[in-house]
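Visitor: how would this look folded up:
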Amino acid sequence: MMRFSDSLRNQVEDQLDDLILSIELNSQQGNVNKTFLVQTATSKYILQTKKDIDIKDINQYLVDLYTTAGFYLEGNSFRFRNYNEKAEFHKQCNNLKLKVPKLYGCGENYLLTEYIEGTNYIEYSEILSKKCLFNLFRMIQNAHSNNIILGDRWGGNTMISPLGEVYFIDFDIQYTYDDIQQLNNCKNFEIAVLTYDLILYGKNRIYTLDIIIKIFTSFWFEKSYDVLKVIDYLYGYSRFYTSADKPFSPTSLSIKEHIDVLRCVDLLKIAALDNYRKIIV
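Guide: Now for the predicted structure:
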């Protein structure tokens, strides 16, 4: 059982109907937060607290990634949300009925949310179904249609339940913008980040790519996004992860794996251009 200050434990317990029975380190940890599994007699919760680290290296890693991808060069930027800001963002998402963990409480140094049974997309052992992939993109598009940018939609921040339902977690990073063009950049970039990791960590890349091609060439998707801009961001992502100078990240796969994703992006671009030619003829 983890030892907490009485003050923090009491703050968390005040948000719950039952007494806390145990607080243990969760198996899935983030880069910025310590994540704990909190159990009462009737329920489980996820508690986030700050890691005692300097985020300077994480910040620089993201600056380098977003610059190489082309996102940073267009005036867009990012920032880290504090716990109160993350709590407000959870409320916005809940109001839109987006699948995010229910919020139970927050303070200056913690966030308490619903525990989602399942595993993140990186560790998910099965092939994500066609229905699940379509729903994932539709959920993002629903958020974007309300000008909600989730931020940092890499595979570790997508949870898959035992029933195959998709949930969005971890809203530490906020993409920033000053005008409508930069807002659209955020939407296109978020789709690129999501797409890259869906291909990278997919258990069957050809199957996953085939479904993504169908999504990218669908009418509703082309009405919502600049498809070629999304693909440009995907190429930028590939440049970063296939560079020999890329900083080490414990979650990164080998350069060979990223080169394989680059080939998938080539095929995605061919399909998108072919579809575009059919539309204008």
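Visitor: pLDDT below threshold where in this protein?
Guide: 1-6, 27, 246-252, 277-281 (pLDDT under 70).
Visitor: ranges for the strands of it?
Guide: Using DSSP state E, the strands of the chain run over 22-25, 33-39, 44-50, 77-80, 103-107, 110-114, 119-120, 158-160, 166-168, 173-176.
Visitor: Who are the packing partners of the fifth one?
Guide: For strand 103-107, the helices and strands in contact under the criterion 3 or more C-beta pairs under 8 Å, 6 or more residues apart in numbering; DSSP states H and E are helix 6-14, helix 83-95, strand 110-114. Bear in mind the C-beta positions are built from the backbone N, C-alpha and C, glycine included.
Visitor: Same check on the third one?
Guide: Identification of packing neighbours for strand 44-50 by 3+ C-beta pairs under 8 Å, 6+ apart yields strand 33-39, strand 110-114.
Visitor: Okay, angle between the last one and strand 44-50 too, please.
Guide: The one in question is strand 110-114. 160 degrees (axes from the mean of the first three to the mean of the last three C-alpha atoms, to 10 degrees).
Visitor: neighbouring contacts of strand 110-114?
Guide: Here strand 110-114 makes contact (C-beta atoms under 8 Å, 6 or more residues apart in numbering) with 8, 11-12, 15-16, 33, 38, 45-49, 83, 86-87, 90, 101-106.
Visitor: now do 7 Å
Guide: 8, 11-12, 15, 45-49, 83, 86-87, 90, 101-106 (C-beta atoms under 7 Å, 6 or more residues apart in numbering).
Visitor: wait, doesn't residue 201 sit right on residue 120?
Guide: No. Contact status for residue 201 versus residue 120: not in contact, 9.2 Å apart, counting by C-beta atoms under 7 Å.
Visitor: Overlap of the contact sets of those two?
Guide: residue 155.
Visitor: Just want to know which of these two has more residues nearby.
Guide: residue 201 (23 against 19; other C-beta atoms under 10 Å).
Visitor: What about the nearest residue to residue 65 once chain neighbours are set aside, how many residues nearby?
Guide: Nearest non-adjacent residue to residue 65, counting by C-beta to C-beta, 6 or more residues apart in numbering: residue 240, 5.2 Å away. Other residues near residue 240 number 18, with proximity taken as other C-beta under 10 Å.
Visitor: And for residue 239?
Guide: Residue 239 has 15 nearby residues by other C-beta under 10 Å.
Visitor: isn't it right next to residue 65, touching?
Guide: No. Judged on C-beta under 7 Å, residue 239 makes no contact with residue 65 at a distance of 10.0 Å.
Visitor: Contacts only, for residue 225.
Guide: Applying C-beta under 7 Å, 6+ apart, the residues near residue 225 are 187, 188, 191.
Visitor: Name the member of those residues with the most neighbours.
Guide: Ranking the contacts of residue 225 using other C-beta under 10 Å puts residue 191 first, with 26 neighbours.
Visitor: measure that one to residue 162 for me?
Guide: 27 Å (C-beta to C-beta, to the nearest Å).
Visitor: and if you look at residue 126?
Guide: Relative to residue 162, and taking C-beta to C-beta, residue 126 is found at 10 Å.
Visitor: who has more neighbours, these two?
Guide: residue 126 (11 against 8).
Visitor: so what's the more buried one up against?
Guide: residue 203.
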